[in-house]
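Peer 1: 3D model of this:
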Amino acid sequence: MLPSSPPVLPPSPPILPPSPLRLRLDAAALAANWLALDRLSGAARAGAAVKADAYGLGAAQVVPVLAGAGCRDWFVAHWREVPDVIAHVAPEQVAVLHGPLDHADVAFARATGVRPVLNSLAQAARWLDGGGGACHIMVDTGINRLGLAMADLSDPVLARLDVDLCISHLASADEDVAQNAEQLARFESAKGMVRARRYSLANSAGIALGSAYHADLTRPGIALYGGIARKELAGVVRRVATPEAAVIQVRDVAAGDRVGYNATFVAPRAMRLGVVALGYADGYLRCWSNRGALCRDGVRLPVTGRVSMDLTVIDLSAAPDVREGDWLAVDYDLPQAAAQSGLSQYELLTLLHRRFARFT
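Peer 2: Modelled structure (predicted):
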């Protein structure tokens, strides 16, 4: 009998080269931000909004750091965001803000143990019909987005719920406007009508409004990630994220040469330029054209010409030692970048695309 031939194994897949984009996360600053916001919350505890992949920074990187700092309450928007969070924390600590839209959502919540946030009487009935259990509810106190209307709070279906957390959301906490006090008054009224183990109103900016807004649990989001939601948080909240891009070509141009689409930059002199692997497909939008900058050891290197889909050109005059393959930091301090670009601090973070490799 002839010996059998050894099995032919498929070739190993090639090793994927590293990304020319990386997002460096300062884990110490992230943990310090949560601890600072927890202290500012007084007698309340701070949770964490980690929706939108932790505001674009990566739930897989962010959640373990915040859990290590002491966070025990987590908020996502979509059901599909749940797996990335419960891979690191207990499911019953996770709340899904959009609530159950159908019975599949109910089944998923009950199977995993995550808590739905019920936003309507229909969602409350759907949750009970599916077997019920511990849940959260959202009350609309004036933002007119999601949430039960104040007039709904006396409906008998709510009395059948096992409500762990009753929440509402401030519309204008980043401003000193009468709406804040109006919403607080409605929330206090709602607390008298809804039986729950805990209550929550304040977001990042709401924490800075003072103890009247803190209730039992605060829900910081942007401030965790380095955003300054109110001036009171300046000097308290530290920068967390620094996008970086690799230089993939260095080129010399002569005076009068045009750079980029539609020739929006014309070289005023002989110049040395760098082309970096960063563009609007990565969240670095065209608003940064001839306005933004990358940095080398604190030296600002201005964007020249129009940002394109995958590439941005910068002036290397102030950094003559930069070579192809070098890494440069994007000038992306959130408050300053928001003022310069016209984008909100929230947009600046959540725009960052998945082509960025994320590191803590």
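Peer 1: how near is the most centrally placed residue in the chain to Asn262?
Peer 2: The centre of the chain sits closest to Tyr55, judged by C-alpha atoms, centre = their mean, with a distance of 0.9 Å. Here Tyr55 is placed at a distance of 33 Å from Asn262 (C-beta to C-beta, to the nearest Å). In short, each C-beta sits where N, CA and C put it, glycine included.
Peer 1: now Ala44
Peer 2: Where Asn262 is concerned, Ala44 sits at a distance of 52 Å (C-beta to C-beta).
Peer 1: between those two, who's got more neighbours?
Peer 2: Ala44 (21 against 9; other C-beta atoms under 10 Å).
Peer 1: wait, Val313 sits on Val275?
Peer 2: Yes. Using C-beta atoms under 8 Å, Val313 is in contact with Val275, at 5.5 Å.
Peer 1: among these two, which residue is more densely surrounded?
Peer 2: Set Val313 next to Val275 and count neighbours by other C-beta under 10 Å: Val313 wins out with 23 against 19.
Peer 1: double-check that that one belongs to a strand.
Peer 2: Yes. Looking at Val313 with DSSP: H, G, I helix; E, B strand; the rest coil, it is inside a strand.
Peer 1: now do it, the pLDDT please.
Peer 2: Val313 is assigned a predicted lDDT (pLDDT) of 98.
Peer 1: now Leu352
Peer 2: 95.
Peer 1: mind checking the SS state of it?
Peer 2: Going by three-state DSSP: Leu352 is coil.
Peer 1: ok, it - contacts?
Peer 2: Residues near Leu352 by C-beta atoms under 8 Å, 6 or more residues apart in numbering: 23, 56-57, 241, 243, 282-283.
Peer 1: and if you look at Leu23?
Peer 2: Counting by C-beta under 8 Å, 6+ apart, Leu23 has contacts 57-58, 241-244, 352, 356-359.
Peer 1: where do the helices sit along the stretch 201-350 of the chain?
Peer 2: In the stretch 201-350 of the chain, the helices defined using DSSP state H, counting those that start in this stretch lie at 204-207, 334-341, 345-350.
Peer 1: hey, which strand is longest across this structure?
Peer 2: Counting by DSSP state E, the longest strand found in the chain is strand 241-253.
Peer 1: for the least confident helix or strand in the chain by mean pLDDT, which residues meet the burial criterion?
Peer 2: Lowest by mean pLDDT, DSSP states H and E among the helices and strands of the chain is strand 357-359, with a mean of 93. Using 16 or more other C-beta atoms under 10 Å as the test for burial, strand 357-359 gives Arg358.
Peer 1: do the same with stretch 174-186
Peer 2: 174, 180, 183-184, 186.
Peer 1: for Leu16, grab the count of nearby residues.
Peer 2: 6.
Peer 1: can you give me the helices for the stretch 1-150 of the chain?
Peer 2: 27-40, 51-55, 59-69, 82-86, 103-112, 121-129.
Peer 1: any idea which of these is most buried?
Peer 2: helix 51-55 (a mean of 23; mean count of other C-beta atoms under 10 Å).
Peer 1: state the mean pLDDT of that helix.
Peer 2: The model assigns helix 51-55 a mean pLDDT of 98.
Peer 1: ok, now stretch 216-232?
Peer 2: So the average pLDDT for stretch 216-232 ends up being 98.
Peer 1: what about that stretch, distance to the chain center?
Peer 2: In this view, stretch 216-232 has its centroid 11 Å away from the chain centroid, taken as C-alpha atoms, centre = their mean, to the nearest Å.
Peer 1: same question, stretch 317-336
Peer 2: For stretch 317-336, the distance to the chain centre is 24 Å (C-alpha atoms, centre = their mean).
Peer 1: list the buried ones in that stretch?
Peer 2: So, applying 16+ other C-beta under 10 Å, buried residues of stretch 317-336: 319, 322, 326-335.
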